[in-house]
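S.K.: Sequence and computational prediction follow.
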Amino acid sequence: MHSNLAKNIFRKRLIVEAKYKTSIDSEEFVSNFLNKLSEFMDMTIIAGPFISSATGKSVPLHDGYEGALVWAESGVNTYIWTNSNFCTVDIYSCKEFDSKSVIEFIKKEFQVEDFSYQELPDPLHQDDMRIEVQNSKEKGVGVYAKEFIPKDTIVSYVDGQIHFAEKESEVSLYAENHAIPFHKKLYRNGFNSSSVLLNHSCEPNCYVKDLFFVTTMRDIQEGEELTYSYSLFCNSDWKHDGPCLCGSENCLGEILPWRKLPDEIKKKYLAYTADWILLEELKKKNKLESLFD
């Protein structure tokens with residue numbers, strides 16, 4: 001999946017994996033854990049818990065238990081490898097919950113020694129609440145400010161799958177015209193953010209900072225469209241079909257790769273140009289050595 005296909009539907013997933021110390025030798029532990037977790041999270045059980053023993057599988061390493069619950073708010077599954085004292089708890093919910101407290105609950109119940117987790121969407125990398133996606137007949141889909149946004153604000157984040165391609169024109173069909181290059185052969189698509197929906201402008205008000213953070217170059221006024229220049233992070237063979245439609249006063253007429261930009265534009269936006277492009281340019285001109293003089 002490369003894009004958020006249902007931004008109007010709230011859903012959240014938390015996957016916790018852990019090495020545990022508690023003794024688990026019956027299905028009762030699994031049943032009690034799922035029921036207590038449901039109560040702790042204030043979820044409504046509509047089916048289950050369903051518990052099965054995995055003892056006797058063809059690979060003894062897999063001995064343990066599996067459990068599931070169906071909630072009115074979605075559900076939870078747990079998988080326990082008793083021979084390895086390892087477990088996974090997979091929670092999917094259409095209701096908001098506090099991930100930190102849930103993780104602490106799981107750690108206590110299993111007497112966890114070590115753990116890792118993944119949360120989707122990533123709470124650190126969500127769109128700024130002051131932006132929204134709009135669709136207009138004149139420009140199509142774009143991202144706009146719902147209220148004033150100050151300079152140097154991170155408004156979105158490129159958080160999706162990473163693609164490898166020798167040339168930008170060879171990037172996967174599902175990421176075509178959306179993936180943002182962060183290396184001459186690596187591209188990242190946006191899944192749960194508006195990062196890849198910003199339109200191009202020859203006079204942008206945003207840029208991609210530190211590889212993936214869409215950041216404002218200046219103050220953005222309420223109702224103003226947020227834009228960035230594709231030219232500041234694209235330097236391959238990707239080409240926009242047709243003329244540039246940004247409508248800015250100094251529009252170049254077409255969307256160019258960085259190497260084809262006029263020198264005065266390169267200098268004007270040097271601080272906002274992708275680091276990987278500048279690094280490649282230093283390599284080409286054999287100037288990296290000067291960093292160590």
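M.R.: Done, it's in. Just so you know, these numbers come straight off a predicted model, no measurement behind them.

S.K.: what sits against residue 212?
M.R.: 125, 157-159, 180, 182, 188, 195 (CB atoms under 8 Å, 6 or more residues apart in numbering). All C-beta spots, glycine's among them, are computed from the backbone N, C-alpha and C.

S.K.: Among those residues, which pair sits farthest apart?
M.R.: The span of those, defined through CB to CB, is set by 125 and 182 at 14.8 Å.

S.K.: who's more crowded, the two?
M.R.: Neighbours per residue (other CB atoms under 10 Å) separate residue 125 from residue 182, with residue 182 holding more: 19 against 16.

S.K.: is it fair to say the more buried one lies in a strand?
M.R.: Yes - the assignment for residue 182 by DSSP: H, G, I helix; E, B strand; the rest coil puts it in a strand.

S.K.: Go ahead and confirm it touches residue 280.
M.R.: No - counting by CB atoms under 8 Å, residue 182 does not reach residue 280; the two are 11.9 Å apart.

S.K.: Report the buried residues of stretch 97-107.
M.R.: By 16 or more other CB atoms under 10 Å, the buried positions in stretch 97-107 come out as 97, 102-103, 105-107.

S.K.: hang on, the earlier thing: from the contacts of residue 212, which land in strands?
M.R.: 157, 180, 182, 188 (DSSP state E).

S.K.: Tell me if I am right that residue 100 is in a helix.
M.R.: Yes - counting by three-state DSSP, residue 100 is part of a helix.

S.K.: In CSV, list the ones in strands among the contacts of residue 212 along with distance to residue 254.
M.R.: Output for those, formatted as CSV (distance: CB to CB, whole Å):
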residue, distance to residue 254
157, 28
180, 20
182, 24
188, 25
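
S.K.: quick check, nearest of those to residue 239?
M.R.: residue 180 (16.1 Å).

S.K.: Now for that closest one: which residues touch it?
M.R.: 158, 187-190, 195-196, 208, 212, 233 are the contacts of residue 180 under CB under 8 Å, 6+ apart.

S.K.: quick check, nearest of the contacts of residue 212 to residue 64?
M.R.: residue 159 (33.0 Å).

S.K.: Which single one of the contacts of residue 212 is nearest to residue 268?
M.R.: Nearest to residue 268 out of the contacts of residue 212 is residue 180 (CB to CB; 21.0 Å).

S.K.: The closest one and residue 216, how far apart?
M.R.: Distance, residue 180 to residue 216, by CB to CB, to the nearest Å: 17 Å.

S.K.: Then residue 241?
M.R.: Counting by CB to CB, the gap from residue 241 to residue 216 is 29 Å.

S.K.: Looking at those two now, which is surrounded by more residues?
M.R.: Legend: neighbour count by other CB under 10 Å for residue 241 and residue 216, higher for residue 216 (22 against 6).

S.K.: wait, residue 126 sits on residue 157?
M.R.: Yes - the criterion here is CB under 8 Å, and residue 126 meets it with residue 157 at 7.5 Å.

S.K.: what residues are shared contacts of these two?
M.R.: Joint contacts of residue 126 and residue 157 (CB under 8 Å, 6+ apart) are residue 193.

S.K.: Neighbour count: the two, which is higher?
M.R.: Comparing residue 126 with residue 157 by other CB under 10 Å, the one with more neighbours is residue 157, at 24 against 14.

S.K.: give me the beta-bridge partners of that one?
M.R.: Residue 157 has the following beta-bridge partners by DSSP bridges: residue 213.

S.K.: is it true that it touches residue 188?
M.R.: No - the criterion here is CB under 8 Å, and residue 157 misses it with residue 188 at 10.1 Å.

S.K.: can you map out the helices along the protein?
M.R.: Under the criterion DSSP state H, the chain contains helices at 27-41, 99-110, 263-268, 275-284.

S.K.: So which of those helices is nearest residue 200?
M.R.: Nearest of these (CB to CB): helix 263-268, 13.4 Å.

S.K.: outside of the closest one, which residues touch it?
M.R.: Outside helix 263-268, the residues that reach it (CB under 8 Å, 6+ apart) are 231, 252, 258, 273.

S.K.: And the residues you listed, which of them are buried?
M.R.: Buried among these by 16+ other CB under 10 Å: 231, 252, 258, 273.
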